[in-house]
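Chemist: Have a look at this prediction, sequence included:
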Amino acid sequence: MNKLFMSCEEASHVCDKAQYNESTFLERLKLRIHILFCDLCKKHTIDNHKLTETIKKSNIVCLDSKSKSEMKKCLEKEIKNQNAKH
């Protein structure tokens, strides 16, 4: 029975994983059991859910991989140039 209980720290981590569909069924089950008894983690779970829904509704457009890679190269080059000046 003790294997079904988790700490608040673990519950927070599983909540974050669940937000991105990266948690297992057992983790989600343990989280549900935990939030039955822990109001703080229940609030965190509700807030995470609201955040996820808000982001989905916002239709935010992110950079594609190629643009991110180019930006990273430019930043690394600029950091190298700045370090060379000092």
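Modeler: Nice, I can see it.
Chemist: can we go C-alpha only for contacts and neighbour counts from here?
Modeler: Will do.
Chemist: who are the neighbours in contact with Cys62?
Modeler: Going by Cα atoms under 8 Å, 6 or more residues apart in numbering, Cys62 touches no other residue.
Chemist: Check the gap between it and Asn21 for me.
Modeler: According to Cα to Cα, to the nearest Å, Cys62 stands 19 Å off from Asn21.
Chemist: How about Leu75?
Modeler: From Leu75 to Asn21 the distance is 31 Å (Cα to Cα).
Chemist: Spatially central residue for this structure, please.
Modeler: Against the mean C-alpha coordinate of the chain, by Cα atoms, centre = their mean, the closest residue is Asp16 at 4.7 Å.
Chemist: May I ask which helix or strand encompasses it?
Modeler: Assessed by DSSP states H and E, Asp16 sits inside helix 8-19.
Chemist: Give the other helices and strands that that helix contacts.
Modeler: helix 25-37, helix 39-58 (3 or more Cα pairs under 8 Å, 6 or more residues apart in numbering; DSSP states H and E).
Chemist: That's all I had, so thanks and see you.
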